[in-house]
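Engineer: sequence and computational prediction follow.
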Amino acid sequence: MSAIRGARERARIEVTAAIKDEARKQLAAEGASKLSLRAVARELGMVSSALYRYFPSRDELLTALIIDAYDSVGEAAERAHRTAVAEGAAPAVPAGHALTEGAAPARPAASKAAATVRPGTHLDRWVAVACAVRDWALAHPHEYALIYGSPVPGYTAPQDTIVPASRVGLVLIAVLEDAHREEGLALPPLAEELRPEAERIAADIAPGLPPAVAAPLVAAWAQLFGLLSFEIFGQFHRVVEAREVFFRQAVTELARTVGLLGGRR
């Protein structure tokens, strides 16, 4: 019986993956607002009643796609952070040289902006994470649009999306917390009228950071995705041409607003 259950579970996983893949094709072709369970079923050669056993409604399928997208970009950010930390703790390896067994792992293939980040400082880690998020967004523009674009009419994201949606932000917080513990932060000025709100933000999302850092962190987080949205949705057309260099400089300046100066490991 266990073998039969295992086969059924594998089949369910495969069908679920196929449904999501087809739904992503629809997102690319028609946009999230036109996602249709019947159209997905038709493309997969399924009767719609069979598909409803996997996703009872359009909203449940959208939620699954949203969680997958948040998890995917979150994994990219976390992987970039781990790599930057590991490279900063190991001797630098010249470009093009193979790493020997036991050395720090190589950075995953990414944009030129991510590939040229000098490992070591907390500022470098911040920039590496931001560039990894940009790489993901450029590689997955329709999924980026699903989670950071216009709201889907009639859809309200459930609580299940909150933790996945927090992953990139938590990586940025981790970079700042490491820097703060190692005295690598220069506290930015904090207006007295903002102090109560900054203290609330720090207590809610970043208890390991001073309020003077927590408030500009939220602004930097928002500006990071504003930069990405301008690029992904075409607002930089005929305005910014050297976009990788522009992005890297912009996120470096964002890092300085939260106290990262890049002078310490």
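Structural biologist: Looks like it arrived, so ask away.

Engineer: now stretch 163-177, how far from the centre of its chain.
Structural biologist: Mean C-alpha position of stretch 163-177 versus that of the full chain (C-alpha atoms, centre = their mean, to the nearest Å) differs by 9 Å.

Engineer: also stretch 37-53?
Structural biologist: 30 Å.

Engineer: compute the first-to-last residue distance for that stretch.
Structural biologist: By C-alpha to C-alpha, to the nearest Å, the extent of stretch 37-53 from end to end equals 11 Å.

Engineer: with stretch 228-241 instead?
Structural biologist: 14 Å.

Engineer: mean confidence score for it?
Structural biologist: Averaging pLDDT along stretch 228-241 yields 96.

Engineer: I'd like the numbering to begin with 116 instead of 1 from here.
Structural biologist: Happy to do that; since the first residue is 116 now, the last one works out to stretch 343-356.

Engineer: what lies in contact with it?
Structural biologist: By C-beta atoms under 8 Å, 6 or more residues apart in numbering, the list of residues contacting stretch 343-356 from outside reads Val248, Arg249, Ala252, Leu253, Pro256, Tyr259, Ala260, Tyr263, Gly264, Arg358, Phe361, Phe362. Every C-beta, even on glycine, is put in place using the N, C-alpha and C of the backbone.

Engineer: most neighbours among those, which one?
Structural biologist: The most crowded member of those, judged by other C-beta atoms under 10 Å, is Arg249 (26 neighbours).

Engineer: pretty sure that one contacts Phe362?
Structural biologist: Yes - between Arg249 and Phe362 there is a contact at 5.9 Å, judged by C-beta atoms under 8 Å.

Engineer: picking up where we left off before, among the contacts of stretch 343-356, which are in helices?
Structural biologist: When the contacts of stretch 343-356 are checked against helices (DSSP state H), the matches are Val248, Arg249, Ala252, Leu253, Pro256, Tyr259, Ala260, Tyr263, Arg358, Phe361, Phe362.

Engineer: just give the nearest non-adjacent residue to Val283, would you?
Structural biologist: Excluding its sequence neighbours, the residue lying closest to Val283 (C-beta to C-beta, 6 or more residues apart in numbering) is Ala192, at 4.7 Å.

Engineer: tell me the pLDDT of that neighbour.
Structural biologist: 98.

Engineer: quick one: it and Arg282 touch, right?
Structural biologist: Yes - counting by C-beta under 8 Å, Ala192 does reach Arg282; the two are 6.6 Å apart.

Engineer: so if I had to pick from those two, which one is more boxed in?
Structural biologist: Legend: neighbour count by other C-beta under 10 Å for Ala192 and Arg282, higher for Ala192 (23 against 17).
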